[in-house]
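> starting from these lines, generate the structure:
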Amino acid sequence: MAGAPSTAIFSDIDGTLLNSASELTPATRQAIDAVQAAGIPFVIVTARGMQGTFPLLDRTGLVCPVVTYSGGVIMDADRSIIHHHGLTRAQAAEVVAFVEGEHLDATWSAYSFEDWVAPRVDDPRIKAEERIVCARAREGAVSSIERDEVQKIMCLCSAGATYEVERRLRERFPELAIAQSSPTLIEVMRADTSKASAVRTFCDLYGIDPADALAFGDNYNDVPMLDAVGHGYLMANAPAELAASYPLIAPSNDRDGIVLTLRALGYLS
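Reported below is the predicted structural model:
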């Protein structure tokens, strides 16, 4: 396309763009302004849903393209949806039935566009997630979701149970995309859903070669995105086993790691 940008910068939110207090620091905000002023798209790529992403944009005044649900929904800077896909309600209900029927040590949330459904909104794990994303779930079943498209089932695990829950889900649903996005969260999505596929879709839509793009992330579900671009940086606060082997490491989110890396690469003065 004429006038296409030569590169883009993709960033995860939690543990990457935000510090450990879930704040966007002034230095990071200024860096985003600077790269956008230079004509470089800054794109948020998150496992959060739409409902959990909009409060951050509103609070910080960020105006940028956003990938939510790890690629289930892609929006332009004006929040117009330019790509979406997900599980059917029947597929989502099957995952939920397994979590409940096998008494896995987790609760679940189902997400369909701006709808966030949970079986019990008084569950402490749901309450904790609501505090993080500054949004509220509604109590209900998968069958109560209006549209026949569920971008994500999220399993919110009790401490120490995540790896076992993930193992059981992978055994039962090998045809789905299952990824750990934090020490207690597991994302269950359509097989072709990933941050990597979303980055490639975005680059294709905007005429950008992924080899020229940058990405920042801090967890297992970010690694495919980092590998999909020419310059993928894992944050130093990532799990130790990831940081030990990943080739490009940015300083931690509590040290303005994105800012320091962009400055070292010459994107900031």
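> check contacts around the residue nearest to Ser20 when sequence neighbours are not counted.
Once flanking residues are discounted, Ser20 sits nearest to Asp254: 5.4 Å by Cβ to Cβ, 6 or more residues apart in numbering. Every residue, glycine included, has its C-beta placed from N, CA and C. Asp254 is in contact with 19-20, 237, counting by Cβ atoms under 8 Å, 6 or more residues apart in numbering.
> quick one: which of those is most hemmed in?
The most crowded member of the contacts of Asp254, judged by other Cβ atoms under 10 Å, is Asn237 (20 neighbours).
> my read: that one touches Gly15, true?
Yes - in this structure Asn237 lies within contact range of Gly15 using Cβ atoms under 8 Å: 6.1 Å.
> now do the shared contacts for these two.
Both Asn237 and Gly15 are in contact with 218, 253, where contact means Cβ under 8 Å, 6+ apart.
> Glu114 contacts Met50, correct?
Yes - using Cβ under 8 Å, Glu114 is in contact with Met50, at 4.9 Å.
> who has more neighbours out of those two?
Legend: neighbour count by other Cβ under 10 Å for Glu114 and Met50, higher for Met50 (23 against 13).
> now do that one against Ser109, distance only.
Met50 is 13 Å from Ser109, where distance means Cβ to Cβ, to the nearest Å.
> same question for Ile32.
29 Å.
> before we move on, what about Asp123?
For Asp123, the distance to Ser109 - Cβ to Cβ - is 10 Å.
> more crowded one of the two?
Set side by side, Asp123 and Ser109 show more neighbours around Ser109, with 22 against 17, by other Cβ under 10 Å.
> please report phi then psi for that one.
phi -130, psi 140 (degrees, to the nearest 10).
> isn't it right up against Ile153?
Yes - here Ser109 reaches Ile153: they are 7.2 Å apart, a contact under Cβ under 8 Å.
> residue contacts, Gln36?
42, 64.
> one more time with 6 Å
Phe42 (Cβ atoms under 6 Å, 6 or more residues apart in numbering).
> go through the helix or strand harbouring it and flag the buried ones.
Per DSSP states H and E: Gln36 is located in helix 26-37. Within helix 26-37, the residues that count as buried by 16 or more other Cβ atoms under 10 Å are 28, 31-32, 34-36.
> what about Cys157, neighbour count?
By other Cβ under 10 Å, the residues close to Cys157 number 23.
> er, Ala93 I mean
18.
> same question, Arg167
11.
> show me where this protein has helices.
Along the chain, counting by DSSP state H, helices occupy 26-37, 50-60, 89-101, 124-133, 162-172, 195-206, 223-228, 240-243, 257-264.
> pass me the low-pLDDT residue ranges in this structure, would you?
1-4 (pLDDT under 70).
> how is it carved up into domains?
Segmentation of the chain into domains, based on automatic domain parsing, reads 9-84+193-264, 89-189.
> and the first one, end to end?
Terminal residues of domain 9-84+193-264 are spaced 15 Å apart (Cα to Cα, to the nearest Å).
> same deal with stretch 84-93?
Per Cα to Cα, stretch 84-93 runs 20 Å from first to last residue.
> quick one: buried residues of it?
Those would be 85-87, 89, 91-93, for stretch 84-93 by 16+ other Cβ under 10 Å.
> next: stretch 149-163.
Within stretch 149-163, the residues scored as buried using 16+ other Cβ under 10 Å are 149-157, 162.
> try stretch 261-269
Judged by neighbour count using 16+ other Cβ under 10 Å, the buried positions of stretch 261-269 are 261-262, 267-268.
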